[in-house]
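Trainee: heads up, no residue letters with this:
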């Protein structure tokens, strides 16, 4: 039986800071794009983190990385994810899970979001095993110390990362 909230016509929001977007994020976007009518990649500004890239730059990067996907939209928002979902008429929040600790945090957030809006459903996709270790923080740490990141992020993003870190060293 198909859940009344989730059909092929469902709009899903994939929220995150995407600073930078990784191959793991792209894996979730592509797989979500096969499941839902539209996936809105919603870039948020996390006030507890110092971003490597501006929100505008991240939006441009994600658009470039997803230009071959027909039903992917890239946007940004400030505030509660469920309020943004209401504005976009989305019924699903798409989240990727890498490890058990992600599940604990994400499940708590899903339950919290449901208390804010009963009509929202969170769908978890397990990250493909080749990306299970990967996070934006890991990419930034490797790049900060001059390590290679081309196998972790799209090539155009790797170039942007190297530019930022080379400017910080000068």
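Mentor: Good, I have the coordinates. All values reported here derive from a predicted model rather than from experimental measurement.
Trainee: going forward, measure contacts and count neighbours with C-alpha atoms only.
Mentor: Fine.
Trainee: where does the protein dip in pLDDT?
Mentor: Within the chain, the stretches with pLDDT under 70 are 1-8, 170.
Trainee: Show me the strands in this protein, by range?
Mentor: With DSSP state E, the ranges of strands along the chain come out as 11-16, 38-44, 72-77, 92-97, 121-126.
Trainee: who touches residue 122 in this structure?
Mentor: 92-95, 110 (CA atoms under 8 Å, 6 or more residues apart in numbering).
Trainee: okay, the residues you listed in a markdown table with distance to residue 14 and neighbour count next?
Mentor: Shown next, in a markdown table, are the contacts of residue 122 (distance: CA to CA, whole Å; neighbours: other CA atoms under 10 Å):
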| residue | distance to residue 14 | neighbour count |
| --- | --- | --- |
| 92 | 9 | 22 |
| 93 | 6 | 22 |
| 94 | 5 | 22 |
| 95 | 6 | 24 |
| 110 | 13 | 18 |
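Trainee: just these now: which is nearest residue 155?
Mentor: Closest approach between the contacts of residue 122 and residue 155, by CA to CA: residue 95, at 23.8 Å.
Trainee: what bridges to that closest one?
Mentor: residue 124 (DSSP bridges).
Trainee: How many residues are close by the residue nearest to residue 52 when sequence neighbours are not counted?
Mentor: Distances taken as CA to CA, 6 or more residues apart in numbering place residue 19 nearest to residue 52, at 6.3 Å, with adjacent residues excluded. Under the neighbour criterion other CA atoms under 10 Å, residue 19 is assigned a count of 25.
Trainee: Just the buried residues of stretch 154-170, please?
Mentor: For stretch 154-170, a neighbour-count test (16 or more other CA atoms under 10 Å) marks 154, 157-158, 160-162, 165 as buried.
Trainee: Would you format the strands of the chain as a markdown table with distance to residue 26 included?
Mentor: Conversion of these to a markdown table gives the following (distance: least, CA to CA, whole Å):
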| stretch | distance to residue 26 |
| --- | --- |
| strand 11-16 | 11 |
| strand 38-44 | 10 |
| strand 72-77 | 11 |
| strand 92-97 | 10 |
| strand 121-126 | 12 |
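Trainee: Tell me which of those strands approaches residue 141 most closely.
Mentor: Of all the strands of the chain, strand 11-16 sits nearest to residue 141, with 18.6 Å by CA to CA.
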